[in-house]
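**Q** Sequence first, then the predicted structure:
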Amino acid sequence: MEKYIGIIAGICTCISLVPQLLKILKEKKANDISFFMLFILITGLCGWIWYGVLKKDYPIICTNVFAVIINGLMIVFSIKYKNGKTGTHSRL
């Protein structure tokens, strides 16, 4: 039973930033995203991955690897769309 609770908790943690990522992609704006928060979060997630490897606990490893990927995408698209810039030139 406790393994299922861990898996459900891990899935919820993994998908928690998906709505924010989708909003960034839809609006092509990422003005209010804190890179410092994402850096701290990814550092913690990497710690959980390391812990999962030490414990050979695959649900911990898998859910946190997925979360690192989602947060990495948040950083990539936040940089790309910071201040509403899409990398294209606007017409004058």
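**A** It's in. Numbering: from 1, shown residues only.

**Q** for the chain, which spans come out with low pLDDT?
**A** 84-92 (pLDDT under 70).

**Q** For it, which helix extends over the most residues?
**A** helix 58-81 (DSSP state H).

**Q** Just the buried positions in it, please.
**A** Neighbour-count burial for helix 58-81, counted by 16 or more other C-beta atoms under 10 Å, picks out 59-64, 66-68, 70-71, 74, 77-78, 81. Heads up, the C-betas are built off the backbone N, CA and C, glycines and all.

**Q** just checking, what packs against that helix?
**A** If you count contacts as 3 or more C-beta pairs under 8 Å, 6 or more residues apart in numbering; DSSP states H and E, helix 58-81 packs onto helix 2-15, helix 18-27, helix 35-55.

**Q** Setting the sequence-adjacent residues aside, check what's closest to Asn31.
**A** Once flanking residues are discounted, Asn31 sits nearest to Asn83: 6.1 Å by C-beta to C-beta, 6 or more residues apart in numbering.

**Q** Let me know how buried that neighbour is, in neighbour terms.
**A** Asn83 has 7 neighbours, counted by other C-beta atoms under 10 Å.

**Q** In this structure it contacts Lys28, no?
**A** No. Using C-beta atoms under 8 Å, Asn83 is not in contact with Lys28, being 10.7 Å away.

**Q** For Gly52, give me its contacts.
**A** Neighbouring residues of Gly52 by C-beta atoms under 8 Å, 6 or more residues apart in numbering: Tyr58, Pro59, Ile60, Ile61, Asn64.

**Q** gap between the spatially most central residue of the chain and Ser78?
**A** Centroid-nearest residue in the chain: Asn71, 2.0 Å away (criterion: C-alpha atoms, centre = their mean). Note on Asn71: its distance to Ser78, by C-beta to C-beta, to the nearest Å, is 10 Å.

**Q** Are there residues contacting both of the two? Which ones?
**A** Leu38.

**Q** State the distance from the residue nearest to Asn31 to Ile7.
**A** 38 Å.

**Q** hmm, back to that, settle this for me: the residue nearest to the centre of the chain is touching Leu38, isn't it.
**A** Yes. Applying C-beta under 8 Å as the test, Asn71 and Leu38 come out as touching, 5.6 Å apart.
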